[in-house]
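1. The sequence isn't on hand, but the structure is:
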């Protein structure tokens, strides 16, 4: 049964869950849970963990802000924000019961669900996608079809699923028509001309190019130095960062209420980062982000552009966009079939929006405008 109407919030019950310190130790994941405010008005505080897709950066600023600003504490939650990494698959950590929530993409999560993982989308934070395939401007690569016969960098690990779907839809078979090489999560392979094109996100790797000095000019590279294939503009819009929980866990007494409160506080964190972008950049940098302040400022601005505006309210999952994401994945042979009707639900997010509306918060961001961000060499 797909839930599409507002569910009554159940009273919170004590459902303390063990944190996965042992898993974090063996996987190299770090926890960002220091100095979280405490709400003394709570009769009880529910402990939960959210595992991120990647390391500390502005892509996840809303969760750090929710912790730092006391929004989780306001909702009687004690939240451990767990970093991801190269060896961490958030939806698998979630499915194994080592976290209550995970941040992941629809395509990757539904591929895991197809393999038996009990992961359910309960809130779709990013309303737009960010996938790019980038080549040099002098490469002659101006379309996906032009990639045929080239050497292409790809991240793998499920991060290539949307790209492969787009390639197949464009008549390019990734397994036979390309020389695919494993791409690190940086742009060195393109800069060194070891690949004809590489993967990038609007908010991260593309900025890494623009933070690099062009040896021919002594100045930073400019966008016109590159040929950029924006998969979204080419018709391959795929829903990315959303919040997931286990279906079985949600069925246990009190957990729908916990999930609703977690969504409300997380959304409030993103609202804060929309309205206080500089403060959220400083927060992420203080948490130990590997890349510098100007890079994080670029990322914060671009991530806000993926979220805002949200005409139906932050976290809204549009059924048509879901179906389009699934159709692209199926056409690209990433999914064998469409997920069942329980793969997502909207009632918890709707209840979370009620909480925020009652607080008088702007949940749509209709008036948000992107800022102009100046990058420094090395993202400093």
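-> That came through fine. Since the structure is predicted, the reported quantities are computational estimates derived from the model, not experimental observations. Numbers count the residues shown, from 1 in each chain.

2. Distance-wise, check residue 121 relative to residue 249.
-> 14 Å (C-beta to C-beta, to the nearest Å). All C-beta atoms are positioned from the backbone trio N, CA, C, and that covers glycine.

3. What are the structural domain limits within the chain?
-> 21-128+238-291+307-379, 131-230 (automatic domain parsing).

4. coming back round to it: so between residue 121 and residue 249, which is more surrounded?
-> With neighbours defined as other C-beta atoms under 10 Å, residue 121 and residue 249 compare such that residue 121 has more, 24 against 21.

5. How about the more buried one: what's its closest non-neighbour residue?
-> Excluding its sequence neighbours, the residue lying closest to residue 121 (C-beta to C-beta, 6 or more residues apart in numbering) is residue 344, at 3.9 Å.

6. before we move on, could you check phi and psi at that neighbour?
-> Dihedral angles of residue 344 (phi, psi; degrees, to the nearest 10) stand at phi -150, psi 160.

7. who are the neighbours in contact with it?
-> Residues in contact with residue 344 (C-beta atoms under 8 Å, 6 or more residues apart in numbering) are 2, 120, 121, 122, 317, 322.

8. got the contact list for residue 315?
-> Counting by C-beta under 8 Å, 6+ apart, residue 315 makes contact with 123, 124, 125, 243, 263, 267, 349, 352, 353.

9. For it, give me the backbone phi and psi.
-> phi 90, psi -10.

10. before we move on, the earlier item: restricted to helices, list the contacts of residue 344.
-> Judged by DSSP state H, the contacts of residue 344 include residue 322 as members of helices.

11. so which of the contacts of residue 344 is the most crowded?
-> Neighbour counts for those, by other C-beta under 10 Å, peak at residue 122, which reaches 27 neighbours.

12. Give the closest residue to that residue in space, chain neighbours not counted.
-> Computed as C-beta to C-beta, 6+ apart, the closest residue to residue 122 that is not its neighbour in sequence is residue 348, at 4.9 Å.

13. Give me the distance between the one you found and residue 375.
-> Taking C-beta to C-beta as the measure, residue 348 falls 38 Å from residue 375.

14. Between those two, which is the more surrounded one?
-> Remark: of residue 348 and residue 375, residue 348 carries more neighbours, 28 against 20, as counted by other C-beta under 10 Å.

15. can you tell me the helix or strand for the more buried one?
-> Applying DSSP states H and E as the criterion places residue 348 in helix 347-358.

16. For that helix, which residues meet the burial criterion?
-> For helix 347-358, a neighbour-count test (16 or more other C-beta atoms under 10 Å) marks 347, 348, 349, 350, 351, 352, 353, 354, 355, 356 as buried.

17. And stretch 150-162, by the same measure?
-> Using 16+ other C-beta under 10 Å as the burial criterion, the residues of stretch 150-162 that qualify are 150, 151, 152, 153, 154, 155, 158, 159, 160, 161, 162.

18. repeat for stretch 329-347
-> Buried residues in stretch 329-347 (16+ other C-beta under 10 Å): 329, 332, 334, 335, 339, 343, 344, 345, 346, 347.

19. Tell me which of the domains of the chain is the most buried.
-> Across the domains of the chain, averaging neighbours per residue (mean count of other C-beta atoms under 10 Å) puts domain 21-128+238-291+307-379 on top, at a mean of 20.

20. Return the distance of the longest helix seen in the chain from the chain's centre.
-> Counting residues, the longest helix in the chain under DSSP H turns out to be helix 255-275. In this view, helix 255-275 has its centroid 15 Å away from the chain centroid, taken as C-alpha atoms, centre = their mean, to the nearest Å.

21. so it versus helix 347-358, what angle?
-> 50 degrees (axes from the mean of the first three to the mean of the last three C-alpha atoms, to 10 degrees).

22. rewinding a little: tell me the one among the buried residues of stretch 150-162 nearest to residue 132.
-> Distance to residue 132 across these (C-beta to C-beta) is lowest for residue 162, with 11.0 Å.

23. Contact partners for that closest one?
-> The contact partners of residue 162, by C-beta under 8 Å, 6+ apart, come to 105, 107, 129, 131, 231, 236, 238, 328, 329, 332.

24. Can you classify the closest residue to it other than its chain neighbours by secondary structure?
-> Nearest residue to residue 162 in three dimensions, chain neighbours excluded: residue 238, at 4.3 Å (C-beta to C-beta, 6+ apart). Of the three states, residue 238 takes coil according to DSSP: H, G, I helix; E, B strand; the rest coil.

25. So for residue 238, what's the pLDDT?
-> With respect to pLDDT, residue 238 scores 93.

26. if I look at it, how far off is residue 139?
-> Distance, residue 238 to residue 139, by C-beta to C-beta: 24 Å.

27. One more: residue 120?
-> In terms of C-beta to C-beta, residue 120 sits 42 Å off from residue 139.

28. do the same with residue 363
-> Distance of residue 363 to residue 139, computed by C-beta to C-beta: 43 Å.

29. lowest average confidence, helix or strand, in the protein?
-> helix 21-27 (a mean of 36; mean pLDDT, DSSP states H and E).
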